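[1] A predicted structure for the sequence below; I have some questions about it.
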Amino acid sequence: AAGVIQSPRHLIKEKRETATLKCYPIPRHDTVYWYQQGPGQDPQFLISFYEKMQSDKGSIPDRFSAQQFSDYHSELNMSSLELGDSALYFCASSFLASGSRNEQFFGPGTRLTVL
Amino acid sequence: QKEVEQNSGPLSVPEGAIASLNCTYSDRVSQSFFWYRQYSGKSPELIMSIYSNGDKEDGRFTAQLNKASQYVSLLIRDSQPSDSATYLCAVNGYGNNRLAFGKGNQVVVIP
């Protein structure tokens, strides 16, 4: 079965640079979520989109923005990168309209390292 | 207070034994409850979901939910070395779709 696709898998940036992370949800899924997981931490919710509209916003810095496109893929844009932004970034998707009670399936993640 | 609590330290179990994991949550109106397995450096993998009070069994896994006590548990029967991972409890609150995670419990299955 198709899974969530994320790219790139690894990204190394310098402080103050910009990064763009991409997510392709499972086909037919209508909701995309972004989570950040620091070393030894649990995943923290950043932002979500339902049918291409922002549906919820969590602890996402103002330096970050995200959107979902007409083909349902989503991009997380991160500017003025800081050392503390180094983390695993996961995208998850779910099919809320199916009544699946929000089972979220995670992509493989992007490991961002800020030097 | 963290929204989802998993307080137990690393759990070591012999191969073939039962591993028992516990989780409590603070939002009384939480609707959906999940257990994810995460291997080091990998993404969380959904292994169980439960929505109603009682037990739900899927293969070697059993999830138990008690909404009155705001308590969710996971039992892993016949533990295998491949079960060695961190198990994350996740809760979906009322009115939003984000998941709140506990800090996770590391399970080590000893052959």
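    Cool, the structure landed. Residues are numbered from 1 along each chain as shown, chains lettered A, B, ... in the order given.
[2] which positions in chain A make contact with chain B?
    Where chain A comes near chain B, counting by Cβ under 8 Å from any Cβ of the partner chain, the residues are A:31, A:33, A:35, A:41-45, A:48, A:50, A:55-56, A:58, A:88, A:90, A:92, A:94, A:96, A:101-109, A:111. Yep, even glycine has a C-beta here, placed from its N, CA and C like the rest.
[3] so where's the chain uncertain?
    By default, I'm working from chain A. Screening chain A residue by residue with the criterion pLDDT under 70, one finds the ranges A:100.
[4] actually it's chain B I care about, not the one you picked
    Applying pLDDT under 70 to chain B flags the ranges B:1, B:94.
[5] which residues of it lie near chain A?
    With Cβ under 8 Å from any Cβ as the criterion, chain B meets chain A at residues B:31-32, B:34, B:36, B:41-46, B:49, B:51, B:88, B:92, B:96-104.
[6] go again using 7 Å as the cut-off
    If contact is defined as Cβ under 7 Å from any Cβ of the partner chain, the residues of chain B in contact with chain A are B:32, B:43-44, B:46, B:49, B:51, B:88, B:92, B:96-99, B:101-104.
[7] so which of those belong to helices?
    Using DSSP state H, no member of these falls in helices.
[8] now, of these, which are buried?
    When burial is judged by neighbour count using 16 or more other Cβ atoms under 10 Å in any protein chain shown, the buried members of those are B:32, B:43-44, B:46, B:49, B:88, B:92, B:96-99, B:101-102, B:104.
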